[in-house]
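can you look at this prediction? I've put the sequence above it.
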Amino acid sequence: MDTLQNMRVFVRVVEAGSFTAAAQSLNSTTGAMSRAVSELEAHLRTRLMNRSTRRLALTTAGERYLKRCRQILADVDTAEEEASCAHERPTGALRMHSFASIGQHYVLPAISRYRTLYPEVTVELTLSQRMPDLYEGSSDVSVVTASSLPNSDLVSLLLGSTFNILCASPAYLRARGAPKEPRDLAHHECLILQTPAFPANDWLLEGPHGSELMEVSGSVQVNIAESLVVAIREGMGIGTLPLYAAIDGLRDGSMVRVLPEHTLQKTSIYALYPSRKFIDAKTRTWVEFLRTHMPKVIARDEALLAEVGQTDPRDGLLPVRGEPAVAPDQPFEH
């Protein structure tokens, strides 16, 4: 028995005043109307109306039930309308997940711009280093970086690609000198960034002479790029940073690019979400916004890298703003 549909028939019969009039308004038959009400009464074990050839009269139980039916059916109609509108107008809470580093540098600024377009959308952003289970419903969209994605039923949208660069502080390079080629890294303190995407101690550098695999070691390991930024600025060694995490330090002079002709750990940026069917408006517009926004900020950072990427021909050491480059054989002053 379709209880909800039978409730609609019961209300319509009462409002129309007869089974025949109700049948005409619902494009059905008088018999179908009568059976629906009878099924309700049998289900409830209560007579809802007294019938005669001339009129219908609600019982006391029928009057109480009519009031509840109208309230329930109104709530159902409202719920259906809200769900339908969710596919047309961006509104409500958008639950996002992002890997921590790209979340801070790219996703949060993107959220600010997105909400100027869709102010009725609120945002719940979770930053972590683990991939969420989008099927459990804790997140609507995830923004992740990966060299490749495993097979899954998730919808993946490629937003762009970026890469890592090697950085150190000016103080460290004054004390230890700047490496001139990848094999020189074996004589330096290398800061290790632990990520699921790449082996921590194997740095595959891409440069003028192709790919060169360097096995490195160091006494400091971290799992978030922003922590590595602090370690680099403190002069603790040479580290590999995503471009978006390095660019501010390069611009303000607190970090220097090492081996500037080389990049490593090229990664793709993806938006992941569970289904293409019945995707609501806030998720759809967020993904569409990322599709156009992300390539622009990646291109911006690459252009900024080119601006600050001029090396000193004497020693490969970038000068700090307002300070001349210091040759690596000069003593480090504490």
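Ah, there it is. Keep in mind it's a predicted model, so treat the numbers as computed, not measured.

and the gap between the residue most central in space within the chain and residue 131?
Nearest to the geometric centre of the chain sits residue 142, at 3.1 Å (Cα atoms, centre = their mean). Distance of residue 142 to residue 131, computed by Cβ to Cβ, to the nearest Å: 7 Å. No exception for glycine: its C-beta is placed from N, CA and C like everyone else's.

all strands of the chain, in order?
Using DSSP state E, the strands of the chain run over 49-51, 56-58, 92-99, 121-128, 141-146, 155-168, 190-193, 202-207, 210-215, 221-222, 238-242, 256-258, 263-273.

and the fourth one, what does it pack onto?
Counting contacts by 3 or more Cβ pairs under 8 Å, 6 or more residues apart in numbering; DSSP states H and E, strand 121-128 packs against strand 92-99, helix 108-117.

need the CA coordinates for the last one. PDB is fine.
Translated: helix 108-117. Extracted in PDB, the C-alpha atoms of helix 108-117 (Å, rounded to 0.1, in the frame of the first residue of the first chain):
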ATOM      1  CA  LEU A 108      40.700  28.900   0.800                       C
ATOM      2  CA  PRO A 109      41.300  31.900  -1.500                       C
ATOM      3  CA  ALA A 110      39.100  30.200  -4.100                       C
ATOM      4  CA  ILE A 111      36.300  29.800  -1.500                       C
ATOM      5  CA  SER A 112      36.500  33.600  -0.800                       C
ATOM      6  CA  ARG A 113      36.000  34.400  -4.500                       C
ATOM      7  CA  TYR A 114      33.300  31.700  -5.000                       C
ATOM      8  CA  ARG A 115      31.200  33.100  -2.100                       C
ATOM      9  CA  THR A 116      31.200  36.500  -3.600                       C
ATOM     10  CA  LEU A 117      29.300  34.900  -6.500                       C
END
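
wait, residue 111 sits on residue 125?
Yes. The pair residue 111 / residue 125 is scored as a contact, 6.8 Å apart, by Cβ atoms under 8 Å.

need the overlap of contacts for those two.
Taking Cβ atoms under 8 Å, 6 or more residues apart in numbering as the contact rule, residue 111 and residue 125 both touch residue 96.

make TSV from the helices and strands packed on strand 121-128 and add distance to residue 304 and mean neighbour count to it.
Listed next are those as TSV, based on distance: least, Cβ to Cβ, whole Å; neighbours: other Cβ atoms under 10 Å:
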stretch	distance to residue 304	mean neighbour count
strand 92-99	22	21
helix 108-117	14	14
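
quick one: those as a markdown table, columns for mean pLDDT and distance to residue 195 too.
Output for these, formatted as a markdown table (pLDDT from 0 to 100; distance: least, Cβ to Cβ, whole Å):
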| stretch | mean pLDDT | distance to residue 195 |
| --- | --- | --- |
| strand 92-99 | 90 | 9 |
| helix 108-117 | 95 | 20 |
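
so where do the helices sit in this protein?
Taking DSSP state H as the test, the helices found in the chain are 3-16, 19-25, 30-44, 60-86, 100-102, 108-117, 170-176, 225-233, 243-252, 281-308.

and these, which one's lowest on average pLDDT?
Mean pLDDT per stretch puts helix 60-86 lowest among the helices of the chain, at a mean of 80.

which one, of the helices and strands packed on strand 121-128, ends up nearest to residue 167?
strand 92-99 (19.5 Å; Cβ to Cβ).

mind exporting that closest one as CSV, just the C-alpha atoms?
Output of strand 92-99 as CSV, limited to C-alpha atoms (Å, rounded to 0.1, in the frame of the first residue of the first chain):
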residue,chain,number,x,y,z
GLY,A,92,23.1,25.6,1.9
ALA,A,93,26.3,24.0,3.3
LEU,A,94,29.0,22.9,0.9
ARG,A,95,31.2,20.3,2.7
MET,A,96,34.7,20.4,1.2
HIS,A,97,37.8,18.4,1.8
SER,A,98,41.3,19.3,0.7
PHE,A,99,44.9,18.2,1.3
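
just checking, what packs against it?
When contacts are defined as 3+ Cβ pairs under 8 Å, 6+ apart, strand 92-99 packs onto strand 121-128, strand 141-146, helix 281-308.

list of residues touching it?
86, 107, 111, 120-129, 132, 134, 138-145, 280, 282-283, 286.
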